[in-house]
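can you look at this prediction? I've put the sequence above it.
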Amino acid sequence: MTELWWGVLAVAVGCYGLKLLGLSIPERLLEHPVTVRAAAFIPVGLLAALVAVQGFADGSEVVVDARLAGLLVAAVLLWRKVPFLVMLIAAAATAALVRALGG
Amino acid sequence: MSESTSDRQVIADSLGVGIGVGLYGVSFGALATTGGLSVWQACALSLLAFTGASQFAFLGVVAAGGSPATGALTAVLLGVRNTFYGITLAPVLRLKGWRRLATAHVVIDESTAMAVVRDDPRQARLGFYWTGLTIFLIWNVMTLVGAVAGESIGDPRAIGLDAAVAAAFLGLLWPRLDSPSSRLLALLAAAVALGLVPFTPPGAPIIIGGLVAVLVGLRFVPSADGDRDD
């Protein structure tokens, strides 16, 4: 519980600090090409890893289960530019349905 | 749009984006409390961190059994992009003192996007603040609503909420998969992360998978605007 709170506080302080940093530093300090490109790659890498782990990890095992069906539905809906919240609900409902059917 | 955009149109667009994005705060709230955070922890993240991808990342790592420290590191790394939004916005906003301190909090994906599409700096500021503040208000109210509702959900897996978290990350990733190289890097990060799952503590595969993709990207993806290299 307490450790979780420390984590929450670290996220809050870190994320706010990074926002403020951007408004405060002179542009040329961070416009080095390597820095700019790394900043574009970070969200792609982390979010893709998060999709994979959240979609296919179960503890320390990699499994394919009802979540895959949910992700496939989500991908189709994202491709069709369906609103975010609708996409989430459809993904959850698909996974729930597959589980209810014993998948 | 060859005609100049009216201020009313800028505000209407900003409200549209702001309300749409703010509403899915309900999903963060619900997933947070079903994932093991308290209502207050969910609300604290939305109020104080206020950057959706990082909030979901912290939640994802912690809910999967990772340590809060690993979750926080993942979240803060994702927050780095907001620094670059700030750098882009600073010449348009031109802020000092407490205004800068307060404004920094609403430097997020959507407020930045709604500012940079305007040529006129005044309308850029209008779009930025209307979008950022609308999202802040609705995102926080909906986080509370979702968090309270989530507490009464028995087994989150039975209604597919674990799939919804994965779908949330996919939705945040989707607009960034706009080039062949970014799609390849995303696949690489996912493969490395899954390959590590059996061997590392929870949370570590995410950070390592993500950083491997960054390093490979820096090494092998040609820079988009190579003329800036010196």
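Looks like it arrived, so ask away.

only C-alpha atoms from now on, for both contacts and neighbour counts.
OK.

which residues touch stretch B:186-194?
Here stretch B:186-194 makes contact (Cα atoms under 8 Å, 6 or more residues apart in numbering or on different chains) with A:44-53, A:56-57, A:62, B:177, B:205-206, B:208-213.

meant to ask about stretch B:59-70, not that
By Cα under 8 Å, 6+ apart, stretch B:59-70 touches A:3-4, A:6-8, A:50, A:54, A:58-59, B:32, B:35-37, B:58, B:71, B:165, B:201-204.

can you rerun that using 6 Å?
A:Leu4, A:Gly7, B:Gly35, B:Gly71, B:Pro202, B:Gly203 (Cα atoms under 6 Å, 6 or more residues apart in numbering or on different chains).

start to end distance for that stretch?
Start to finish, the residues bounding stretch B:59-70 are 11 Å apart (Cα to Cα, to the nearest Å).

what do you get for stretch B:59-73?
12 Å.

show me where pLDDT drops low in the chain?
You didn't pick a chain, so chain A it is. Along chain A, the parts satisfying pLDDT under 70 run over A:1, A:30, A:103.

hm, I was asking about chain B
By pLDDT under 70, the weakly predicted segments of chain B are B:1-3, B:224-230.

what does B:Asp155 show for phi and psi?
Dihedral pair for B:Asp155: phi -110, psi 110, per degrees, to the nearest 10.

how many residues are close by it?
B:Asp155 has 10 neighbours, counted by other Cα atoms under 10 Å in any protein chain shown.

how distant is stretch B:199-207 from the center of its chain?
Averaging C-alpha positions (Cα atoms, centre = their mean, to the nearest Å) puts stretch B:199-207 21 Å from its chain's average.

does that stretch come close to chain A?
Yes - Stretch B:199-207 reaches chain A (Cα under 6 Å from any Cα of the partner chain) through B:Ile206.

tabulate the CA atom coordinates of that stretch in CSV.
Taking Å, rounded to 0.1, in the frame of the first residue of the first chain, the C-alpha atoms of stretch B:199-207 are listed here in CSV:
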residue,chain,number,x,y,z
PHE,B,199,13.1,-15.0,-17.2
THR,B,200,12.8,-11.5,-15.6
PRO,B,201,10.7,-9.9,-12.9
PRO,B,202,7.4,-8.4,-14.0
GLY,B,203,7.8,-5.0,-15.6
ALA,B,204,11.4,-5.5,-16.7
PRO,B,205,10.4,-6.9,-20.1
ILE,B,206,8.5,-3.7,-20.9
ILE,B,207,11.4,-1.4,-20.1
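
residues of chain A that sit close to chain B?
A:4, A:7, A:11-12, A:14-15, A:18-20, A:22-23, A:27, A:39, A:41-52, A:54-55, A:60-61, A:67, A:70-71, A:74, A:85, A:88, A:91-92, A:95-96.

are any of the contacts of stretch B:186-194 buried, and which?
Buried members of the contacts of stretch B:186-194, scored by 16 or more other Cα atoms under 10 Å in any protein chain shown, are A:44-53, A:56-57, A:62, B:177, B:205-206, B:208-213.

list the buried residues in the top helix by length along chain B.
For chain B, the longest helix by residue count, based on DSSP state H, is helix B:121-151. Across helix B:121-151, burial judged by 16+ other Cα under 10 Å covers B:123-136, B:138-151.

please consider this matter closed, and thank you.
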